[in-house]
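Could you look at this predicted model? Sequence included:
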Protein chains: 2
Amino acid sequence: MPVANVAVGPGRRTAQDIEGKGTVRPHILKGFRDYLPAEMLLRQRIIGDFRSLFERHGYEPLDTPAIEYIDTLTGKAGENEKLMYRFMDAGEREVGLRYDLTVPLARVAAMHQNDLPMPFKRYHIAPVWRAEKPQRGRFREFWQCDADVVGSASSLADTEHIAMAVEAMVGLGLPGFRVRVNHRAVLEGIARHAGVPADRAVGVYRSIDKLDKVGRDGVHGSLVESGIDEGAAGRVLDLTSLDGAPDHVLATLRGRMAGDEAVLVALGHLEEIFSAVGAFGVPVARVTLDLSLARGLDYYTGAVFEAVVERPRVGSIAGGGRYDGLIGSMSGQAVPATGISLGLERIIEVVREFELVTVPTTTALTFVAHVPATRSAAIEAATALRAATIPTDLSLLGHRGIGDQLKYASRKGIPLGVIFGKDESDAGEALVRDLATSEQRRVPLDGVVDAVRDMLGRDDGRVDVAAVAAFAE
Amino acid sequence: MPVANVAVGPGRRTAQDIEGKGTVRPHILKGFRDYLPAEMLLRQRIIGDFRSLFERHGYEPLDTPAIEYIDTLTGKAGENEKLMYRFMDAGEREVGLRYDLTVPLARVAAMHQNDLPMPFKRYHIAPVWRAEKPQRGRFREFWQCDADVVGSASSLADTEHIAMAVEAMVGLGLPGFRVRVNHRAVLEGIARHAGVPADRAVGVYRSIDKLDKVGRDGVHGSLVESGIDEGAAGRVLDLTSLDGAPDHVLATLRGRMAGDEAVLVALGHLEEIFSAVGAFGVPVARVTLDLSLARGLDYYTGAVFEAVVERPRVGSIAGGGRYDGLIGSMSGQAVPATGISLGLERIIEVVREFELVTVPTTTALTFVAHVPATRSAAIEAATALRAATIPTDLSLLGHRGIGDQLKYASRKGIPLGVIFGKDESDAGEALVRDLATSEQRRVPLDGVVDAVRDMLGRDDGRVDVAAVAAFAE
């Protein structure tokens, strides 16, 4: 008797629906990605490393909604509006998807300023959305890994963030990275000192930020072209190209801009950063003063930094800085803040390029194969393996031959098979087989867990034994 | 010289902006929540447990975009449309936020059916969004913790999911839970057998699903009121109220509906589930056959189950079932599938009610206090503690007194202080203090890590020593 014509709910999708109405074409939006298991295992590993890094430095986790009121996201200035996914919700409220994790932090800090112990050190690892034109390496949904300190003006916070960026990169074994450091107020001082008109200063910062790429002549040309006079352009370039050890360059700037209080304070912060960073265990040669660096001009107010690698050419892989104005724009009182953002997607590109991290291709370390007559024994063995925290895939192909089942396990990359064939089972035994080498042992039922442990432990070259412990957490 | 009037970018928010233009009122959308650190630490712990549970069973992680094409989300039937956050993106595409994790899985399975090894066992732990009226315990953004098997019709998959639900609850120590199991085709068979007209069947399922709450008379009343004749209503109630051990009830149904092939197949599945669940280590008394259970009527096609607790009254805390129609509606060919969803938000309510899980209130286990003269030594000690994987908060209050700094640490709930006062430092020593008892030790600089380890390890009652290991992963 066919079921579908009798007692079927109106909304349920049955085989009849499929045949009768055609199907929904499965498609994914441009600029968005599915992360299939092998990719996810790598992402989870690196996200886990970053989470561990942040927690080791005493940062606390925070999570906030994906959707915020649009006025929270745009602030007064309305910047970034065109980058945002914005819409009206069912209650006719203007809302949008968060485009970074800093604005939600500012909102939380403003709403909870009396119940959060200050300084508030938080980390936040979560996706953000930008309605950008997708292009290579740029996505409309991507994860940010941020740590921030709210409520401290201390340069120690900025230094700690630089040290954390270095530790993240050293931890992954990234070759050839360096961290460039600058200070917004020093940049402003240079522009003033060179005689750049105040309303032209931001354009000048943008030009000199390209010094690395277009060279001195290129920057000079673009400055003059933008209406800066030759003399001012030359002075800007002389100052931003000062070369040498950070303490030496900072001392030179101190001399040149002796009367400029704002610059002297900023130089003091940079001196503190460079003098303290070594005590954090950072290889100091990796951290350079770069007076041409101009990140986040509509955002940062103090020290700024970014980490770059020589190859692949992915741009900066981490960055951050001090933004003492943002939280006050919501809380009504000035609250200093500084942060770091690890560029997960780009770091993963570098990790792939150099094959820095090895992760298993699947979660299971054992696969339990069985036939109908041995199903109960197989379930019990899988249960025992799982109780021993050994991740175990219990075959759902028990209606097919053992060979087919093991082919499936091999294709998934599971290292060991535990085989409950009819013969072994009659003898009260099972086979434990290395699916790569086909080497196998016949063991009694109560010896399966030990045999698996032993064969996993022995197999150092291919099986990540640490994974066993990690799964057990 | 004030900086803000000279070289300031147009978009930057400065103290002047704050004073001059007023502030953005910080507010959060109704139905959405911020998770502050203490809450997040509990959530992360439980999410970590679930992830570990899924991986231990060989399920692989998957992630998909928050935003999908609206036709993916609504399918042909257009069900759930009013619950959805939907909007036009900047490219005039009709899109929406995912409202569950099953539809994205179906899309992935349809798009990758040739490159994913089948059966595909995946888990997905992520937020979903529903434009529902917010009420106690119902939010517009909440996390789902799902594990599903795509491409297997085996009752072993359904049984494994029931076992995983039980393992999740046993793992957290949830008291008084039970798992109710039923089968959609058995429900349909009961309605047919009782003489319920096909177009009234779904209404009947909805009525009998309330048997637990309104009792036999209540259901009978609502059935008759809805136009079901007295005889049919009585027969439905007789069958759905059958009492006794599952194998006994299933045998009774087999006898009563002997000619109904669809029901006999379904009863066979249920028999397999109840006969196998014990081998998974499940306390069988926790798993009951409940013929009144009617979950996901527009969705499930086979075995269904839900886990409930006696108190607090939060409804079902986990559930799942077989949905053999959904993936075919996208892939064009029928693909069996079955899944489980752990109700994170409700489980957290139960965990809180019974105080089942103890998590630290903050990430740091030590707080390093210092004065300006001891800053370098303090940084070095913090670095050494972190290198030893002991999460360490380096004080950013070095400009204030040691007492103030330790008050901050105590307020955050950090168990130990490592104190670099001027006196100790001159002697090449530091103090390691238990911030709860004020007991302290004076140790040489190179003895700080050992002393901290020792005092954390000794302090079993208050400090979760396992946390140290967990942070190290």
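Arrived safely. Residues are numbered from 1 along each chain as shown, chains lettered A, B, ... in the order given.

For the stretch 51-200 of chain A, give me the ranges with low pLDDT.
A:76-82 (pLDDT under 70).

where along it do the helices fall?
Applying DSSP state H, counting those that start in this stretch to the stretch 51-200 of chain A gives helices spanning A:70-74, A:102-111, A:155-172, A:184-194.

most tightly surrounded among those?
Scoring those by mean neighbour count under mean count of other C-beta atoms under 10 Å in any protein chain shown gives helix A:184-194 as the most buried, with a mean of 25. Quick note: C-beta positions are derived from backbone N, CA and C, even for glycine.

CA atoms of that helix as CSV?
Taking C-alpha atoms only, helix A:184-194 is exported to CSV below (Å, rounded to 0.1, in the frame of the first residue of the first chain):
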residue,chain,number,x,y,z
ARG,A,184,49.4,57.8,13.9
ALA,A,185,50.5,60.9,15.9
VAL,A,186,54.1,60.6,14.6
LEU,A,187,52.7,60.4,11.0
GLU,A,188,50.7,63.6,11.8
GLY,A,189,53.8,65.2,13.3
ILE,A,190,55.8,64.4,10.1
ALA,A,191,53.2,66.0,7.9
ARG,A,192,53.0,69.1,10.1
HIS,A,193,56.8,69.4,10.4
ALA,A,194,57.1,69.0,6.6
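
if we can go back for a sec, mind putting the helices of the stretch 51-200 of chain A into JSON lines with distance to chain B?
Below are these laid out as JSON lines (distance: least, C-beta to the nearest C-beta, whole Å):
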{"stretch": "helix A:70-74", "distance to chain B": "6"}
{"stretch": "helix A:102-111", "distance to chain B": "4"}
{"stretch": "helix A:155-172", "distance to chain B": "5"}
{"stretch": "helix A:184-194", "distance to chain B": "4"}
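
closest to residue B:314 out of those?
helix A:102-111 (27.0 Å; C-beta to C-beta).

and that closest one, how far from the chain's centre?
Chain-centre distance of helix A:102-111: 20 Å, with C-alpha atoms, centre = their mean, to the nearest Å.

Who are the packing partners of it?
strand A:67-69, helix A:70-74, strand A:120-129, strand A:141-150, helix A:328-331, strand A:337-342 (3 or more C-beta pairs under 8 Å, 6 or more residues apart in numbering or on different chains; DSSP states H and E).

which residues touch that helix?
A:62, A:64-65, A:68, A:72-73, A:75, A:98, A:116, A:120, A:122, A:124, A:146, A:148, A:150-151, A:323, A:326-327, A:329-332, A:335, A:337, A:339, B:26-28, B:34, B:36 (C-beta atoms under 8 Å, 6 or more residues apart in numbering or on different chains).

which among the residues you listed end up buried?
Among these, those classed as buried by 16 or more other C-beta atoms under 10 Å in any protein chain shown are A:62, A:64-65, A:68, A:72-73, A:75, A:98, A:116, A:120, A:122, A:124, A:146, A:148, A:150-151, A:323, A:326-327, A:329-332, A:335, A:337, A:339, B:26, B:28, B:34, B:36.

residues contacting the residue of the stretch 351-473 of chain A at minimum distance from chain B?
Proximity of the stretch 351-473 of chain A to chain B (C-beta to the nearest C-beta) peaks at residue A:393, 3.0 Å away. When contacts are counted by C-beta under 8 Å, 6+ apart, residue A:393 is found next to A:362, A:364, A:366-368, A:409, A:412, A:414, B:57-58, B:121.

So which of those is surrounded by the most neighbours?
residue A:368 (31 neighbours; other C-beta atoms under 10 Å in any protein chain shown).

is it true that that one lies in a strand?
Yes: counting by DSSP: H, G, I helix; E, B strand; the rest coil, residue A:368 is part of a strand.

how close does it get to residue A:384?
For residue A:368, the distance to residue A:384 equals 10 Å [C-beta to C-beta, to the nearest Å].

One more: residue A:98?
Using C-beta to C-beta, one gets 45 Å for the distance from residue A:98 to residue A:384.

and what of residue A:373?
Distance from residue A:373 to residue A:384, by C-beta to C-beta: 19 Å.

got the phi/psi numbers for residue A:438?
Torsion angles at residue A:438 (phi, psi; degrees, to the nearest 10) stand at phi 70, psi 0.
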